[in-house]
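> any chance you could fold what I've pasted below:
(chains A and B)
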Amino acid sequence: MNQENLEKVFIKTFSEYGDAIFRFCMMKVSNVELAEDMTQEVFTRYWQYLRNGKEMSNARSFLYTIANNLAKDWYKKKKTVSLEAQMESGRQPQGEGASPETLASYREVLNIVEDMEDKDREVLLLKHVEGFDPKDIAEILEETANVISVRLNRATKRLQQKLHV
Amino acid sequence: MNHHDKTTKYINDLKNVKLSDSSRARIETNLLEYARFHSVKEGVRIREDSRYIKQVPPGTSLFNLFKQPQSMTAAIIAIVLLAGGGTSFAAEAAVPGDFLYPVKTEVNENIKSAFAISAEAEAKLQARLAEERLEEAEELSARGELTAEHATELGLRIKAHTDAAKEHGVKAGTDEQNDSVMEIRSSLEGAFRTHADVLNDLNLNVSGDNGILDVNIGSHTDADATVEGDTTTETDSNTNDENATSSVEIDAAIDGAVDTDVIDADLETDTAVDSSLSL
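Numbering: from 1, shown residues only, chains lettered A, B, ... in the order given. Presented below is the predicted three-dimensional model:
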């Protein structure tokens, strides 16, 4: 595939999965700017694979896998500033050019998940928002399908308790 | 609405987390820029880790550098850096075909030239270098190694040095240093006289009867006298040559032995490297 066609595929993939990857990164790092940087990095690495002509059976899973690995590296390097700490210090998640409404919706949504454990957050997101089945989630998070199923069940129960439903 | 649906709906609100339009546009621009900068190229592999962006092609070694003319300068610099001034000094005795000859002509002499600031100094240096090329030709001739290729190379270098010497001599002349112009001219002529035999050989090799250097020698009348004057020395040199021949033969024998050894060693290392790389 030549440069031009490959660029088209690249940008199409970004339009299709950019938001989803950004969401996943947000779940991981709870910081808009950082999540944006991570999203860009994920797609940069995706391009490196594309240009080398590497075969990819499932670009979507592949993008999540890169994002997950980047998040792991990030956790190793730096202790996360929790969303709670940000709220207490009066800082809101910042997005470049983001409207107050957007920021408000971030806060509202993130309030839902801020008390959840990281592991619960990501499986619930991948299952209910992105529609992955446990087998795909297992692949992305490098766990067994069984572990993911159990984690999903427990996460759902914990959320229900929290919501008093 | 059952419990499960309510939970799902709640989680579904996470879908509102999206890239803002401005961020999306910015990231897209950055990505396209990145994609164009790191365009698709045949045979270029970029690993995730940028430390591996440029991989050394298989089989590259310091010795392979010398097989490519374009790498010669780099190789020369590498030698000078690795071995220090000693190499530079050792190269002074090199003749065409020697390993260090390029160091002598490309490094040492350029350094000398850089230090010859005045036109007069440069002219003297060029005259001296022309004479040095003649001495090298004699040395090769004595060894029996003055091939047509070397003769051509030396002939052209002598012409270049002579021309440069004259050019700088003229410049020095305009500075009213007529004595120095005469000095340069006489030193050039002196050099040509001393090395008349080998000069003749070079002329034959380079351009047949119309030797390139004839054009550059100012006084032909003197040249005749030189030939006469040199007859005695010629006989001496002949006798010397007889002695020299035997030593040349020995040298050639040694050279041959060394050369084949070196080639064998090269081949061995190459195959060793190749096989280890293919594993």
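> C-alpha only now, for contacts and for neighbours.
OK.
> which SSE is immediately downstream of the lengthiest helix in chain A?
Secondary structure of chain A per DSSP state H: the longest helix is helix A:3-29. The C-terminal neighbour of helix A:3-29 among helices and strands, as given by DSSP states H and E, is helix A:32-51.
> show me what that following helix is packed against.
helix A:3-29, helix A:59-77, helix B:21-37 (3 or more C-alpha pairs under 8 Å, 6 or more residues apart in numbering or on different chains; DSSP states H and E).
> centre of the chain to the longest one, how far?
Centre-to-centre, helix A:3-29 and its host chain are 12 Å apart (C-alpha atoms, centre = their mean, to the nearest Å).
> pull out the buried residues from it.
For helix A:3-29, the buried set under the neighbour-count rule, 16 or more other C-alpha atoms under 10 Å in any protein chain shown, comprises A:6-7, A:10-11, A:13-14, A:17-29.
> likewise the shortest one?
By neighbour count with 16+ other C-alpha under 10 Å, helix B:21-37 contains the buried residues B:Ser23, B:Arg24, B:Ile27, B:Glu28, B:Leu31, B:Leu32, B:Ala35.
> tell me the mean pLDDT over it?
The pLDDT scores in helix B:21-37 average 93.
> so is that helix next to chain A?
Yes. Helix B:21-37 reaches chain A (C-alpha under 8 Å from any C-alpha of the partner chain) through B:Ser22, B:Ser23, B:Arg24, B:Ile27, B:Glu28, B:Leu31, B:Leu32, B:Tyr34, B:Ala35.
> which ones are touching the fourth one?
Contacts for B:Ile27 (C-alpha atoms under 8 Å, 6 or more residues apart in numbering or on different chains) come out as A:Gln40.
> and the contacts of the helix or strand encompassing B:Glu135?
Using DSSP H and E, B:Glu135 falls within helix B:119-143. Residues from elsewhere that reach helix B:119-143 (C-alpha under 8 Å, 6+ apart): B:95-96, B:112-113, B:116, B:146, B:151, B:154, B:157-159, B:161-162, B:164-169, B:171-172, B:180-181, B:184, B:187-188, B:191-192, B:195, B:198-199, B:241, B:244-245, B:248.
> buried subset of those?
By the neighbour-count criterion of 16+ other C-alpha under 10 Å, these include these buried positions: B:95-96, B:116, B:146, B:151, B:154, B:157-159, B:161-162, B:164-169, B:171-172, B:180-181, B:184, B:187-188, B:191-192, B:195, B:198-199, B:241, B:244, B:248.
> which among those residues are in contact with chain A?
Among these, no residue sits close to chain A (C-alpha under 8 Å from any C-alpha).
> just the ones of those residues in helices?
Filtering the buried ones among the contacts of helix B:119-143 for helices - DSSP H - leaves B:151, B:154, B:157-159, B:161-162, B:164-169, B:171-172, B:180-181, B:184, B:187-188, B:191-192, B:198-199, B:241, B:244, B:248.
> circling back: need the helices and strands packed on helix A:32-51 in a markdown table (columns: distance to A:Asp120).
Shown next, in a markdown table, are those (distance: least, C-alpha to C-alpha, whole Å):
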| stretch | distance to A:Asp120 |
| --- | --- |
| helix A:3-29 | 10 |
| helix A:59-77 | 14 |
| helix B:21-37 | 27 |
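> ok so, going back, most widely separated two among the buried residues of helix B:21-37?
B:Ser23 and B:Ala35 (18.0 Å; C-alpha to C-alpha).
> need the contact list for the closest residue to A:Ser61 other than its chain neighbours.
Nearest residue to A:Ser61, sequence neighbours excluded (C-alpha to C-alpha, 6 or more residues apart in numbering or on different chains): A:Ile140, at 6.2 Å. The contact partners of A:Ile140, taken as C-alpha under 8 Å, 6+ apart, are A:Ser61, A:Phe62, A:Tyr64, A:Thr65, A:Asn68.
> now do the SS call for A:Ile140.
Assigned with DSSP: H, G, I helix; E, B strand; the rest coil, A:Ile140 falls in the helix class.
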